[in-house]
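**Student:** everything below, folded, please.
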Amino acid sequence: AGGAHSLALRRDGSIACWGRNADGQAPPGGVDGDFVAVSAGWSFSLALRRDGGIACSGQNSYGEAPPDGVEGDFVAVAGGDNHSLALRR
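**Tutor:** Just a heads-up that it's a prediction; the model follows:
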């Protein structure tokens, strides 16, 4: 859970979102995709794709959630107040 939003990974790999969406961090319709993990920061969201890339949404004032995501071979993501972390394989 983030500052005022929540995320949940569905069995089909898509993401359910609810709560505050002022910065685009929790689209009410959710997010389609093939994700394996999610994490929420204060006003941003991160989702780890099955291919190891990271999708980001929401506020990016400090570079915590690049709108184009992050390509790479990652195995875990974590969001904090105004920062994010990813563990590379």
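**Student:** so how many other residues sit close to R49?
**Tutor:** 17 (other CB atoms under 10 Å). C-beta here means a position set from N, CA and C on the backbone, and glycine is covered the same way.
**Student:** what sits against the nearest residue to F74 once chain neighbours are set aside?
**Tutor:** Of all residues not flanking F74 in the chain, A86 sits nearest, at 4.5 Å (CB to CB, 6 or more residues apart in numbering). By CB atoms under 8 Å, 6 or more residues apart in numbering, the contact list for A86 reads L46, L48, I54, V70, G72, F74, A76, V77, A78.
**Student:** what about those, which one has the most neighbours?
**Tutor:** L46 (28 neighbours).
**Student:** my guess is that residue contacts N60. True?
**Tutor:** No - the criterion here is CB atoms under 8 Å, and L46 misses it with N60 at 11.4 Å.
**Student:** residues contacting the residue sitting nearest the centre point of the chain?
**Tutor:** The chain has L46 as the residue nearest its centroid, 1.5 Å off, counting by CA atoms, centre = their mean. Contact analysis of L46 by CB under 8 Å, 6+ apart lists V38, S39, A40, I54, A55, C56, A65, V77, A78, G79, S84, A86.
**Student:** out of those, which sit inside strands?
**Tutor:** Using DSSP state E, the members of these that fall within strands are V38, S39, A40, I54, A55, C56, V77, A78, G79, S84, A86.
**Student:** for the residue lying closest to W18 once chain neighbours are set aside, which residues are in contact?
**Tutor:** Distances taken as CB to CB, 6+ apart put S6 closest to W18, at 5.6 Å, once the chain neighbours are dropped. Residues in contact with S6 (CB under 8 Å, 6+ apart) are C17, W18, G19, A26, A40.
**Student:** ok, and the most crowded of these?
**Tutor:** Busiest of the contacts of S6 [other CB under 10 Å] is A26, holding 26 neighbours.
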